[in-house]
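> Below: sequence and its predicted model.
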Amino acid sequence: MGAPQPQPSFGIDDFLTWEAEQHERHEYLAGEVFAMTGARDAHNTIAGNVFACLRNGLRGGPCRVFIADMKLRVDAADAVFYPDVLVTCDTRDRAPESDMAKRYPSLIVEVLSSSTAAYDRGLKFELYRRLDTLREYLLIEQDRRHVDLFRREADGRWLLQSVGPDGSIDLDSVATHIDLQTIYEDVDFSAASA
């Protein structure tokens, strides 16, 4: 998340109307607007790999996969985000009013960078947990082969599973298995650390 932009404070519906007219992407949190910055090659490659794997695994079923430009509206947090990848299996997210922003994800995926990792693991995850439909939150590091999967248990507790560098992960929320080799396909770690 970038620095706050000098726009007047407004509500979430006003933000969505305003955002639809902008050339750049912005996130919204409790009346404040934050410009989104561009991503590195590794970040885009990883997000694309995860999207492709999920799309192939979920094709023809009730779940839909979205990447980067789809907004996620978190009303309980007065927030709008752009997750790197999200999956929704909820029919309410197919309604015409959900065309520009989804509200009922089962799975959210964020690719971490040094500038966003603390936020994605901390406040953003705290706000995402307010989504009743969210079952799993997958955090993928872009500078090394490592992922952290947070899974909501039936009693509401979130359990962490860490995997790397040659492991694999089961995404129970969408009945999909992904190995880290697929997630990191075509990622050049020497370029990422340069």
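Okay, I see it.

> can you tell me the helix or strand for Y28?
strand 26-29 (DSSP states H and E).

> Can I get the helix or strand following that strand in CSV, CA atoms only?
Proceeding C-terminally, strand 26-29 gives way to strand 32-35 as the next helix or strand, assigned by DSSP H and E. Coordinates of the C-alpha atoms in strand 32-35 are reproduced here as CSV (Å, rounded to 0.1, in the frame of the first residue of the first chain):
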residue,chain,number,x,y,z
GLU,A,32,-8.5,7.1,3.3
VAL,A,33,-7.3,6.3,-0.3
PHE,A,34,-3.9,4.8,-1.0
ALA,A,35,-2.2,4.6,-4.4
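
> Which neighbouring elements make contact with strand 32-35?
strand 26-29 (3 or more CB pairs under 8 Å, 6 or more residues apart in numbering; DSSP states H and E). All C-beta atoms are positioned from the backbone trio N, CA, C, and that covers glycine.

> Mind checking the pLDDT average for the strand holding Y28?
Throughout strand 26-29, pLDDT has a mean value of 84.

> Now I183. Nearest residue, chain neighbours left out?
By the measure of CB to CB, 6 or more residues apart in numbering, the closest residue to I183 outside its immediate chain neighbours is N49, 5.5 Å from it.

> Buried residues, stretch 166-177. List them.
Burial within stretch 166-177, assessed by neighbour count using 16 or more other CB atoms under 10 Å, is assigned to I169, L171, S173, V174, T176.

> and the last one, what are its bridge partners?
Residues found in beta-bridge contact with T176 (criterion: DSSP bridges) are L171.

> mind listing what it touches?
The neighbourhood of T176, defined by CB atoms under 8 Å, 6 or more residues apart in numbering, consists of C53, L54, G57, L58, D170.

> Mind doing that once more with 7 Å?
Contacts were defined as CB atoms under 7 Å, 6 or more residues apart in numbering; by that measure T176 touches L54, G57, L58.

> Tell me the spacing between it and L86.
Distance from T176 to L86, counting by CB to CB, to the nearest Å: 14 Å.

> next one: the third one
Taking CB to CB as the measure, S173 and L86 are separated by 11 Å.

> list the residues that contact both of those two?
Contact criterion CB under 7 Å, 6+ apart; residues shared by S173 and L86: L107.

> Three-state assignment for the residue nearest the centre of the chain, please.
Nearest to the centroid of the C-alpha atoms of the chain, with distances taken as CA atoms, centre = their mean, sits P83, at 2.7 Å. Going by DSSP: H, G, I helix; E, B strand; the rest coil, the secondary structure assigned to P83 is coil.

> For the strand or helix carrying V111, which outside residues touch it?
Element membership for V111, per DSSP H and E: strand 105-112. Contacts of strand 105-112 from elsewhere in the structure, counted by CB under 7 Å, 6+ apart, are 43, 46-47, 50, 63, 72, 83-89, 120, 128, 131, 133-142, 171, 173-174.
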